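[1] Structure for the following, please:
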Amino acid sequence: MTSSASSSPSRKVLSKIACLRLQKELGEWQASPPGGFTYKVSDNLQRWVIEVSGAEGTLYAGETYRLQVDFPEQYPMEAPQVIFMHPAPMHPHIYSNGHICLDILYDSWSPAMTVSSVCISILSMLSSSPAKERPSDNDRYVRNCRNGRSPKETRWWFHDDKV
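    Next up is the predicted model:
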């Protein structure tokens, strides 16, 4: 599912375009949040914490998880980094360190996507899971990610569209 890559994105201030876009998305979110999600209010526009509630009728019903969304300087031209905060849900595409193997967070990102559309995709991925289990390479991957490595530094292999 993964192989390593080496490049470390440095933390920079959001561009004016990114700030305007995030302010617009936050306003839309507050006016009409996607079902099953709650934005945890903070004064940091560059990092959002979002609670996600498992959908009724799924393996995750009644469970609540937190997503941490970090926006790069060049958002929306560059995808945000989205990870599950501890504890991450047991899912075949979610590693125990919270990293998510989902193509729209990496190779298939489009500037037309929003935080809301990403959240809905993550909830859909959770909802379609037939089993609560970790990816088969979880232990090796997590060991290789020590020292704060970003999931954006991973060269993901998207081969399983069943969940």
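[2] drop to CA atoms for contacts and neighbour counts, all remaining ones
    OK.
[3] Which pLDDT value does the model give residue 141?
    Looking at residue 141, its pLDDT reads 85.
[4] now the one 10 residues further on
    Here, the pLDDT recorded for residue 151 equals 65.
[5] Just give me the longest helix of this protein.
    Assignment by DSSP state H gives helix 16-31 as the longest helix of the chain.
[6] ok, and what's touching it?
    Helix 16-31 is contacted by residues 45, 73-76, 114-116 when judged by CA atoms under 8 Å, 6 or more residues apart in numbering.
[7] Now the buried members of those residues.
    73-76, 114-116 (16 or more other CA atoms under 10 Å).
[8] rewinding a little: okay, the contacts of helix 16-31 in JSON lines with distance to residue 89 next?
    Below are those laid out as JSON lines (distance: CA to CA, whole Å):
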{"residue": "45", "distance to residue 89": "25"}
{"residue": "73", "distance to residue 89": "29"}
{"residue": "74", "distance to residue 89": "29"}
{"residue": "75", "distance to residue 89": "27"}
{"residue": "76", "distance to residue 89": "27"}
{"residue": "114", "distance to residue 89": "22"}
{"residue": "115", "distance to residue 89": "19"}
{"residue": "116", "distance to residue 89": "19"}
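[9] Pick the one among the residues you listed closest to residue 64.
    residue 116 (17.0 Å; CA to CA).
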